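model this:
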Amino acid sequence: MATILDNIQHVRRRIAEACAAAQRPADSVELVCVGKTRSADEIRAAFDAGERLFGENYVQEGLDKIAALADLRSRIVWHLIGPLQSNKTRAVAAAFDWVDSVDRLKIAERLNEHRPPDLPPLQICLQVNISGEASKSGLPPAEVAAVAAAVAAMPRLELRGLMAIPAPAVGLEAQREPHRRLRELMNTLTGAGHRLGHRFDTLSIGMSDDLDAAILEGATMVRIGTAIFGARPPA
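Just a heads-up that it's a prediction; the model follows:
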């Protein structure tokens, strides 16, 4: 049976091969290990295998793991990658390093208000509903520029880029299409007339099934869970 270390090495090879196909350096893509429903011990195993970026979908589950792995806190970068409700922004602003799933201005405003002044600015990505799915969170593409400008002006936040979870698609070309649209949107935002900060540099797209397509379309960060930790146990 493959270990977490074996799986990470396999994922790293996939990333390197996709980067080579895109004529990009392998270190141009960061790997966020997604620990949804996984134990703190499994996260520790991935840390021991060399990983440092970890993503959590559920606020309370993430907070529990951050506490359980407090001895690693200074060496782990914690990303919240799932939906965030207004009543949980205070806890998230104090505990996480990144919130990749900001899908409305109100959430950003509350994170900015609650980020402790003794911590560095909270790193933020705007989640875009790039496939226009009614069941998905995320800003409509037409609203992203205005929200980005507002977030970029918030002193306790640092706007880093865009995140999306495209609708599932079969085949490399079909998978590339929504990723391409998100990249084009980001290129528009980094064009003349937009002042979003010099570190507006993150395109967070690509998961276990479509990381190759995402990297071909410019992903700088991929979020991988199943390919590292295995299939999730039944609910």
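
could you pull out the strands for this protein?
Using DSSP state E, the strands found in the chain span residues 30-34, 53-56, 77-80, 98-102, 122-128, 157-164, 202-204, 221-224.

show me what the last one is packed up against.
Which is strand 221-224. Contact analysis of strand 221-224 by 3 or more CB pairs under 8 Å, 6 or more residues apart in numbering; DSSP states H and E lists strand 30-34, strand 202-204, helix 211-216 as its packing neighbours. Just so you know, the C-beta spots here come from the backbone N, C-alpha and C atoms, and that holds for glycine as well.

mind redoing it with 10 Å?
helix 4-21, strand 30-34, strand 53-56, strand 98-102, strand 157-164, strand 202-204, helix 211-216 (3 or more CB pairs under 10 Å, 6 or more residues apart in numbering; DSSP states H and E).

mind putting the ones you listed into JSON lines with distance to Cys125?
Formatted as JSON lines, those follow (distance: least, CB to CB, whole Å):
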{"stretch": "helix 4-21", "distance to Cys125": "19"}
{"stretch": "strand 30-34", "distance to Cys125": "11"}
{"stretch": "strand 53-56", "distance to Cys125": "11"}
{"stretch": "strand 98-102", "distance to Cys125": "4"}
{"stretch": "strand 157-164", "distance to Cys125": "4"}
{"stretch": "strand 202-204", "distance to Cys125": "5"}
{"stretch": "helix 211-216", "distance to Cys125": "14"}
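
need the strands of the chain in a markdown table with mean neighbour count and mean pLDDT, can you?
Shown next, in a markdown table, are the strands of the chain (neighbours: other CB atoms under 10 Å; pLDDT from 0 to 100):
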| stretch | mean neighbour count | mean pLDDT |
| --- | --- | --- |
| strand 30-34 | 23 | 98 |
| strand 53-56 | 23 | 98 |
| strand 77-80 | 22 | 98 |
| strand 98-102 | 25 | 98 |
| strand 122-128 | 25 | 98 |
| strand 157-164 | 24 | 96 |
| strand 202-204 | 25 | 97 |
| strand 221-224 | 25 | 98 |
